[in-house]
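A.B. asks: Return atomic coordinates for the entry below.
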Amino acid sequence: ASSTAAPYKMMDSRETAILDKNISDLIDAYGIDAVKSAVGRVGASAPSRMDTDNAPIRKVQSLGERIMQAFLEASFDPIFSINTSGVIHMVNQAAVAQFGWSQEELVGRNISMIIGDKHAANHDEYLECCIATGEKRVMGKKRELPAKRKDGTEFPIELGLTEIKMPAGEERMFVSFVRDLSAQRQYEMELKRQQSITAGVVEATFDPMFVINELGIIQMVNKAAVTQFFWSKEEFIGRNISMITGGKHARIHDEYLLNYITSEEKRVFGKRRELPAKRRNGSEFPIELGISEITFQGERIFCGVVKDLTAQMQFSRELKRKQGVTSGIIEASFDPMFAINERGTIQMVNKAAVTQFGWSKGEFIGQNIKMIAGGNHAEKHDDYLKSFIKTGEKRVMGKKRELPARRKDGTEFPIELGLTEVKMPEEITDERLFCGFIKDLSSQKQYEMVLKRKQSVTMGIIEAALDAIVVVDERGIIQIVNQATVKQFGWSKDELVGEDVSILITGIDMNRTFMGKKRELDAKRKDGTAFKVEIALNEIDMDSESGDGQFFCGFIEDLSAQKNHR
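C.D. replies: Numbers count the residues shown, from 1 in each chain. So this is what the prediction gives:
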């Protein structure tokens with residue numbers, strides 16, 4: 001027991017303090033775990049405390065030196081020890097790897113050999129100034145400066161220089177800790193590059209952008225915000241974002257923000273909202289606001305992007321006005337109108353279609369247009385549409401066609417259909433749309449039937465007459481002749497229609513004085529023989545809206561028998 005205790009009893013307080021101080025400096029600089037690791041690396045070769053062959057103080061000092069040497073070699077950063085003249089006494093392996101010189105090339109030379117730029121010439125002055133005056137411009141502080149390798153290349157470093165507490169009377173020593181900042185500088189440059197790109201994008205965007213903190217205080221704005229709201233960047237920074245909020249939102253904006261921060265209720269954030277904004281001159285305008293949250297170094301920051309909706313609102317109002325006018329015209333139309341897509345599916349109908357066909361708008365929309373087609377056209381309608389879309393053959397498009405239509409109750413009626421393609425902007429839809437206009441021909445067909453019946457009756461009477469009857473226009477051109485005329489004059493109907501009436505009778509005057517009276521005139525047959533006739537010419541009462549001009553009817557009586565009897 002006495003043999004093991006004796007070596008420690010032989011150490012005096014001065015010697016113990018020197019060892020404790022050196023180890024304490026290591027612990028302060030790198031931490032207790034790193035020192036323990038270094039001790040473990042030299043433990044196998046450390047002198048035994050039981051060894052009494054050498055003086056105890058030498059054993060402890062040797063152990064301390066070996067601990068420090070192992071620790072220095074374990075460091076990833078270069079470490080140099082220098083004296084007051086700046087001469088290198090010791091370097092670790094990391095310094096050799098970093099700078100390219102061997103330990104033999106470094107030890108004994110001035111530390112300025114690894115200093116780059118103008119700092120190499122000034123380094124000894126820094127050191128001499130510190131020793132002479134105690135001014136710690138370098139000592140105990142970290143400084144950034146350029147370093148130089150053996151091959152002449154320079155790189156940025158962080159240098160920490162501290163004095164080693166040596167026993168009294170011994171030369172003062174200093175330790176330099178060097179950290180390569182190349183990777184950090186590259187990272188910082190890349191970060192600055194990305195920040196420059198981001199700042200460029202933010203400044204280049206057409207939409208105003210704001211960055212605010214949790215209190216709603218503006219931290220950053222872009223150029224577009226200045227242009228849009230008329231405040232300068234300096235006037236924006238440091239003020240509450242409510243300065244640009246219009247209407248009632250200005251006074252309750254901070255409540256929104258506080259409510260979100262305290263309750264996480266996202267009434268505004270992460271969503272787009274439409275609200276009024278206010279410019280410096282007090283004018284308000286509609287905006288769309290999008291806000292997102294980011295966390296930077298524990299601080300919550302909110303980014304807002306503002307889109308001016310003034311032009312969009314004006315366009316929307318104008319579009320609604322035009323749509324209203326168009327819808328009003330369509331709804332006011334007396335004729336049914338349908339809009340269908342390229343599959344024949346009904347997209348829109350007007351009120352007249354509902355009235356005419358008996359289905360409601362809800363029953364029409366989404367159904368195929370063939371639901372209103374009558375006869376055998378229903379089953380063929382899709383084929384017509386497909387054929388047009390595939391080949392461009394316009395059998396239906398852009399033309400009017402007559403065909404039967406069918407109502408909800410199953411009754412059919414004649415219609416005139418006009419189908420045309422609607423040119424839609426590609427940015428709205430790539431689907432082709434067609435518009436169908438329908439005219440009910442029921443009344444027209446009935447009128448035509450009545451007219452034809454009347455015409456048939458009239459022509460029957462004309463054809464049954466024993467005397468020749470000729471209908472001419474105001475120019476005297478023959479329009480109609482009856483069979484008695486053909487028999488009397490010898491020409492066929494086709495030969496007479498379109499010819500001047502003088503081919504039959506000479507001396508007819510189309511003026512009013514001739515009308516309503518009987519006149520005796522000379523007539524001529526196809527074979528050239530002449531004979532006397534009596535003609536009564538009367539104006540036909542035509543519908544003034546027909547626009548067909550004036551027509552006259554002549555009743556011709558052959559006077560040959562009467563002349564011969566006399």
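
A.B. asks: Bridge partners for Arg300, pull those for me.
C.D. replies: Following DSSP bridges, Arg300 is listed with bridge partners Thr295.

A.B. asks: That one contacts Tyr260, doesn't it?
C.D. replies: No: Arg300 is not in contact with Tyr260 according to C-beta atoms under 8 Å; the separation is 9.8 Å. In short, each C-beta sits where N, CA and C put it, glycine included.

A.B. asks: Give me the more crowded residue out of these two.
C.D. replies: Tyr260 (20 against 13; other C-beta atoms under 10 Å).

A.B. asks: My impression was that the more buried one belongs to a helix - is that right?
C.D. replies: Yes: Tyr260: assigned to a helix according to DSSP: H, G, I helix; E, B strand; the rest coil.

A.B. asks: Tell me how far it lies from Ile291.
C.D. replies: Going from Tyr260 to Ile291 by C-beta to C-beta, to the nearest Å gives 9 Å.

A.B. asks: Kindly report the same for Val472.
C.D. replies: In this view, Val472 and Ile291 are 88 Å apart by C-beta to C-beta.

A.B. asks: Same check on His249?
C.D. replies: In terms of C-beta to C-beta, His249 sits 13 Å off from Ile291.

A.B. asks: who has more neighbours, the two?
C.D. replies: Taking neighbours as other C-beta under 10 Å, His249 and Ile291 compare with Ile291 leading, 22 against 17.

A.B. asks: that's a strand at that one, yeah?
C.D. replies: Yes: when classified by three-state DSSP, Ile291 is found to be part of a strand.

A.B. asks: what bridges to it?
C.D. replies: In beta-bridge terms (that is, DSSP bridges), Ile291 pairs with Gly304.

A.B. asks: wait, it sits on Ile301?
C.D. replies: No: contact between Ile291 and Ile301 fails when scored by C-beta under 8 Å: they sit 10.9 Å apart.

A.B. asks: quick one: Ala523 and Ile556 touch, right?
C.D. replies: Yes: in this structure, Ala523 is within contact of Ile556 by C-beta under 8 Å, at 7.3 Å.

A.B. asks: what is in contact with the two at once?
C.D. replies: Leu504, Ile505, Val533 (C-beta atoms under 8 Å, 6 or more residues apart in numbering).

A.B. asks: so what's the closest residue in space to Glu214 that isn't next to it in sequence up against?
C.D. replies: Spatially, and ignoring its direct neighbours in sequence, Glu214 is nearest to Arg300 (5.3 Å; C-beta to C-beta, 6 or more residues apart in numbering). Arg300 makes contacts with Asn213, Glu214, Ile261, Glu293, Ile294, as judged by C-beta under 8 Å, 6+ apart.

A.B. asks: My read is that the fourth one contacts Gly304, right?
C.D. replies: Read that as Glu293. No: with contact defined as C-beta under 8 Å, Glu293 does not count as touching Gly304 (10.4 Å).

A.B. asks: neighbour count winner among those two?
C.D. replies: A count of neighbours by other C-beta under 10 Å puts Gly304 above the other of Glu293 and Gly304, at 20 against 14.

A.B. asks: Met90 bridge partners, please.
C.D. replies: Ser81.

A.B. asks: List the residues that contact it.
C.D. replies: Counting by C-beta under 8 Å, 6+ apart, Met90 touches Leu72, Phe80, Ser81, Val107.

A.B. asks: thought the last one was touching Ala95?
C.D. replies: Think Val107. No: when contacts are counted by C-beta under 8 Å, Val107 is not listed as touching Ala95 (10.5 Å).

A.B. asks: out of those two, which sits in the busier spot?
C.D. replies: A direct count of neighbours by other C-beta under 10 Å for Val107 and Ala95 places Ala95 higher, at 23 against 15.

A.B. asks: Could you find the closest non-adjacent residue to the more buried one?
C.D. replies: Leaving aside its sequence neighbours, Ala95 sits nearest to Pro78 (C-beta to C-beta, 6+ apart; 3.5 Å).

A.B. asks: so how far is Tyr126 from the one you found?
C.D. replies: Counting by C-beta to C-beta - Pro78 and Tyr126 are separated by 19 Å.

A.B. asks: Likewise for Phe80?
C.D. replies: Counting by C-beta to C-beta - Phe80 and Tyr126 are separated by 15 Å.

A.B. asks: Looking at the two, which one has more neighbours?
C.D. replies: More crowded of Phe80 and Tyr126, by other C-beta under 10 Å: Phe80, with 24 against 17.

A.B. asks: so what's the nearest residue to that one once chain neighbours are set aside up against?
C.D. replies: With C-beta to C-beta, 6+ apart as the criterion, Phe80 has its nearest non-adjacent residue at 4.3 Å, and that residue is Ser176. Ser176 sits next to Ile79, Phe80, Ser81, Ile82, Ile111, Leu159, Gly160, Leu161 when contact means C-beta under 8 Å, 6+ apart.
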